[in-house]
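Trainee: Quick one, fold the following:
(chains A and B, ligands or ions: 2)
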Amino acid sequence: MASKDLYYVPHGSKWPIVGTLSVFTFFLGSAMLFNHSSGAKYVFVVGIAALVYMFIGWFSDVISESRAGNYNKQVDVSFRMGMGWFILSEVMFFAAFFGALFYARMFSIPWLNGEGLGGVNGTHEFLWSSFEAVWPTNVMPDPSNALGGGKAFQEFTEVIPAFGIPAINTAILLLSGVTVTIAHWALKEAKRKALIFWLFATVALGFFFVFLQAEEYIHAITDLGITPNSGIYGSTFYLLTGFHGFHVTMGAIMLAVIMFRSINGHFSNKDHFAFEAVAWYWHFVDVVWLGLFIFVYWI
Amino acid sequence: MSTLTQANDHDHDHKPTGLKRWFFSTNHKDIGTLYLIFALTMFFVGGSMAMIIRAELFQPGLQFVDPQFYNSMVTVHALIMIFGAVMPAGVGLANWMIPLMIGAPDMALPRMNNMSFWILPFAFALLISTLFMEGGGPAGGWTMYPPLVLQTGAAFPFLILAVHFLGISSIMGAINIIVTVFNMRAPGMTLMKMPLFVWTWVITSFLLVASLPVLAGGVTMLLTDKYFGTSFFNAAGGGDPVLFQHIFWFFGHPEVYILALPAFGIVSQIIPAFARKPLFGYASMVYATASIAILSFFVWAHHMFTVGLPVKGELFFMYATMLIAVPTGVKVFNWMATMWKGSMTFETPMLFSIAFVILFTIGGFSGLMLGITPVDFQYHDTYFVVAHFHYVLLTGAVFALMGAVYYWLPKWTGYMYDEKLGQIHFWLSTITANILFFPQHFLGLAGMPRRIPDYNVQFADFNMISSIGGFAYGISQLLFVYIVIKCVLGGKKAKALSWEGAKGLEWTVPSPAPHHTFETPPKLTKAMLEH
Ligand code: HEM
Ligand SMILES: [Cu+2]
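Mentor: Ligands and ions are numbered 1, 2, ... in the order given. Down below sits the predicted model:
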């Protein structure tokens, strides 16, 4: 262990610049894809590959430094605080999309229906008198008004009921929050077998959630006709559940890494920040889901 | 002491050389230097765009550029100045000075620190490359309002992803600062003993972490509206373009404090040093900064008074905006009280700080005027707004940053800069900046709209004056570059305590500060903790 009176400063590393270059390539590739530029696919794929390489390389270095006992208590606290603030930034990212959902439901839809201005809203009368302020909105403008004469947006037949797959998924995520906590208890009592078992259960639940979510998407698109193009309902539905699903996938991958590290005996009952960081992240994803379940699916 | 300390010591003995030193750096001073050089470079890039704008506005009619290009100059100028010049300059100072001020060996997360910096040139490569694309650069203003911004050509995805990239950099930088301040302070450096510059930077970092992800969400919605058929900002699908304005300004108003708070911190360091008196009302400064930061999340719609908000909303945001003037007033009062009966001398950093107090206050007052709903109906989107925010950003933030560079250059280079040239630079900047921006108040009150390359002949005289001020200001800044380079190359040797009245830990280490400082926590004496 490093002595107490010496600060720890890591030596230089190539990973930050590799990271920068890989995100750059990934963004460049994505922008080129949006523009249908030639060669976009290749840049994009190289970008993704570089990102994967960077994550694996950077984390491997950090893990081996940590295993070598390089990190002292202070570094541990830095990592903890860093993770906490990172999660706060994620919370604010989701807040933007929840904000959009609440804004649409509380303001823009009633306004489109002519509410406000003391009920005198000529615009609504002339442009979109058939609009009804209901949620989910499924009344698209009169096709004869839409540019090109066709429907501007995709109408859908029904929405996903809350007490089908979404309720099952809620149960799955809540359960996975419990299993990861049991795994943590096991780790603190240095029971490696139990730790691995409960982690495995958590990872399995996580991926099962993602699987069900994919099923739900397929059903929504093919049977119900809900797409991102289904007006504000489809927009908020897909971006909120989509970003959440992406976070669950990432979280499940991180949990899997933690599971393999546990199998390799990386953690001790006292020192296991990586485990805790991923567990925090997992709880965060869980809480976001509760918000989704209530406001996107249920009410 | 095992592998770590060896691996470590190895690094500590000599600094890495060549490209590795800069690309792989984990050293807060090197990274700070990179940030500062980058910021100055971008200041000139964004400044050249401002010169193009001012050249076009020199006379009524269209002379040099077509309107589309004009608007992309306005847009990219703003994005570069905000995200490329002022913010990186602030982060560069934070990098250099925070560890020195709190007795830490480095930033808490040095590798992440390196990445935060290196993102910047690449993000701006994405952004600036758009100027050469089909359809030209983004031209919808830095506020990126839909539906206008959705008409951007090939530049659109580059704009959005560049903003994401810059956001990632700033969030990582902010987390680093927060963690450094909360976890790396030397024993005895309690929170209320920290220099004010450190305080303002932690609070700024909170603003960054809480507001940038919201912008990221907003621009993501722009992207999906354009390419994936969503209708967040499209009334035909039940959305609302005004929603974007809410999201943008929920980020945007805290953002203006992200630019301003570090400047407050800087002048709170400099004024006591040259007034040779402790800062008046230290605790109230800390609380005022925190209140400004908190309030800044509740005033965003003062940018949207004319968009058609419910009256209750207009009133709420008007009163909330007025409220921010209170803690800001506390700060201005404290700076003046610090100078009161001080034994003042007027070296360049002090001159810039005093100019900051006066000119930022002018910008603050015009801000108050804009914050009054009924009158904003007249001022909105006129040159009055342009004058207002350039007073707070240029004669505010940029002046403070330049003052900071003069103040700490001796610590960085080991040499005193040329004081006489510094003062000439100060007077040139102050006079020309006022010639540049003061007449814009009159233009705005008379109704000249912003973001338009042509104007009615009645506005010709003031515009010509403003443009002359602009060119003169631009040229004067070359002097700054000369002074800095001259100081890096040599000059009068600087003492550890480069300014007689300066207080704080940074002045206890030699000038220039060695590559590694405070490798073990320093023992702090009472005198070191004074401010
Ligand atoms: C070198 C001195 C500067 C000059 C001569 C200058 C000049 C201008 C001009 C002429 C405009 C266009 C106004 C319009 O037509 O709407 C403008 C816009 C703007 N500038 Fe500057 N500027 C300078 C420095 C700065 C700095 C240091 C900042 C920020 C840190 C800044 C931020 C902005 C912003 C935010 C806009 C608004 C862009 C928009 O409308 O989207 N400027 N500037
Ligand atoms: Cu504001």
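
Trainee: in the chain, what spans have low per-residue confidence?
Mentor: Just going to use chain A. For chain A, the stretches with pLDDT under 70 are A:1-6, A:117-123, A:141-151.

Trainee: nope, chain B
Mentor: Where chain B drops to pLDDT under 70, the residues are B:1-14.

Trainee: Tell me where the stretch 51-200 of chain B has helices.
Mentor: Listed in chain order, the helices of the stretch 51-200 of chain B (DSSP state H, counting those that start in this stretch) span B:67-79, B:87-102, B:110-129, B:155-183, B:196-227.

Trainee: what does chain A give?
Mentor: Listed from the start of the chain, chain A has helices (DSSP state H) covering A:15-34, A:40-67, A:73-103, A:109-112, A:122-128, A:165-188, A:192-219, A:231-263, A:273-292.

Trainee: For residue B:156, which of the ones you listed is the nearest?
Mentor: Closest approach to residue B:156 among the helices of chain A (Cβ to Cβ): helix A:15-34, 7.5 Å. For the C-beta atoms, the positions are set from N, CA and C on the backbone; glycine is no exception.

Trainee: For that closest one, which residues meet the burial criterion?
Mentor: A:15-32, A:34 (16 or more other Cβ atoms under 10 Å in any protein chain shown).

Trainee: Taking helix B:196-227 as reference, get the angle to that helix.
Mentor: 30 degrees (axes from the mean of the first three to the mean of the last three Cα atoms, to 10 degrees).

Trainee: Centre of the chain to helix A:15-34, how far?
Mentor: Distance of helix A:15-34 from the chain centroid (Cα atoms, centre = their mean, to the nearest Å) equals 20 Å.

Trainee: Kindly report the same for stretch B:376-396.
Mentor: Centroid separation for stretch B:376-396 versus its chain: 16 Å, with Cα atoms, centre = their mean.

Trainee: any bit of that stretch sitting next to ligand 1?
Mentor: Yes - residues of stretch B:376-396 contacting ligand 1 under Cβ under 6 Å from any ligand atom: B:386, B:389, B:390, B:393, B:394.

Trainee: Inside helices: which ones of these?
Mentor: Among the residues of stretch B:376-396 next to ligand 1, the ones falling in helices (DSSP H) are B:386, B:389, B:390.

Trainee: Please list only the buried members of those residues.
Mentor: B:386, B:389, B:390.

Trainee: Dump those residues to CSV, plus distance to residue B:60.
Mentor: Formatted as CSV, these follow (distance: Cβ to Cβ, whole Å):
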residue, distance to residue B:60
B:386, 17
B:389, 24
B:390, 21
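
Trainee: ok, the residues you listed vs ligand 1, which is closest?
Mentor: Of all these, ligand 1 sits closest to residue B:386, with 4.6 Å by Cβ to the nearest ligand atom.

Trainee: Can you give me the separation between that closest one and chain A?
Mentor: Per Cβ to the nearest Cβ, to the nearest Å, residue B:386 is found 28 Å from chain A.

Trainee: One more: residue B:170?
Mentor: Computed as Cβ to the nearest Cβ, the residue B:170 to chain A distance reads 10 Å.

Trainee: Would you agree that residue is in contact with residue B:213?
Mentor: No - Residue B:170 lies out of contact with residue B:213 (Cβ atoms under 8 Å); the separation is 10.4 Å.

Trainee: More neighbours: which of those two?
Mentor: Neighbour count, other Cβ atoms under 10 Å in any protein chain shown: between residue B:170 and residue B:213, residue B:170 has more, with 25 against 22.

Trainee: Tell me the secondary structure of the residue of the stretch 201-350 of chain B found nearest ligand 1, please.
Mentor: Going by Cβ to the nearest ligand atom, ligand 1 is nearest to residue B:259 of the stretch 201-350 of chain B, at 6.1 Å. With DSSP: H, G, I helix; E, B strand; the rest coil as the basis, residue B:259 sits in helix.

Trainee: contacting residues around it?
Mentor: B:82, B:86, B:87, B:90, B:393, B:397 (Cβ atoms under 8 Å, 6 or more residues apart in numbering or on different chains).

Trainee: how about those, which pair is most distant?
Mentor: By the measure Cβ to Cβ, B:90 and B:393 form the most distant pair in the contacts of residue B:259, at 12.1 Å.

Trainee: and those two? which has more neighbours close in?
Mentor: residue B:90 (29 against 22).

Trainee: what about residue 68, how many neighbours?
Mentor: Picked chain A for this. The local packing of residue A:68 (other Cβ under 10 Å) involves 12 other residues.

Trainee: ah, no, chain B please
Mentor: 14.

Trainee: Kindly report the same for residue B:450.
Mentor: The criterion is other Cβ under 10 Å. On that basis, residue B:450 has 17 neighbouring residues.

Trainee: Show me what from chain B comes close to ligand 1.
Mentor: B:47, B:50, B:53-54, B:74-75, B:77-78, B:81-82, B:86, B:141-143, B:386, B:389-390, B:393-394, B:397-398, B:436, B:450-451, B:470, B:473-474.

Trainee: Show the buried residues in those residues.
Mentor: Going by neighbour count (16+ other Cβ under 10 Å), those have B:47, B:50, B:53-54, B:74-75, B:77-78, B:81-82, B:86, B:141-142, B:386, B:389-390, B:393-394, B:397-398, B:436, B:450, B:470, B:473-474 buried.

Trainee: Without its sequence neighbours, what residue ends up closest to whichever residue of chain B sits closest to chain A?
Mentor: Chain B approaches chain A most closely through residue B:217 (2.6 Å), counting by Cβ to the nearest Cβ. Sequence neighbours aside, residue A:96 is the residue nearest to residue B:217 in space, at 2.6 Å (criterion: Cβ to Cβ, 6 or more residues apart in numbering or on different chains).

Trainee: just checking, that neighbour touches residue B:216?
Mentor: Yes - counting by Cβ under 8 Å, residue A:96 touches residue B:216, with 7.4 Å between them.

Trainee: Now do the shared contacts for those two.
Mentor: In contact with both residue A:96 and residue B:216: no residue, using Cβ under 8 Å, 6+ apart.

Trainee: For the stretch 51-200 of chain A, which residue gets nearest to chain B?
Mentor: residue A:96 (2.6 Å).

Trainee: which ones are touching that residue?
Mentor: By Cβ under 8 Å, 6+ apart, residue A:96 lies in contact with B:213, B:214, B:216, B:217, B:218, B:220, B:221, B:247.

Trainee: Residue 243: how many residues sit nearby?
Mentor: Since you didn't name a chain, this refers to chain A. 19.

Trainee: that's the wrong chain, I wanted chain B
Mentor: Neighbour count of residue B:243, defined by other Cβ under 10 Å: 22.

Trainee: which residues does it contact?
Mentor: Contacts of residue B:243 (Cβ under 8 Å, 6+ apart): A:100, A:103, A:104, A:108, B:232, B:233.

Trainee: can you do 6 Å?
Mentor: Listed by Cβ atoms under 6 Å, 6 or more residues apart in numbering or on different chains, the contact set of residue B:243 reads residue A:103.

Trainee: Which helix or which strand is home to it?
Mentor: Taking DSSP states H and E as the criterion, residue B:243 maps to helix B:241-275.
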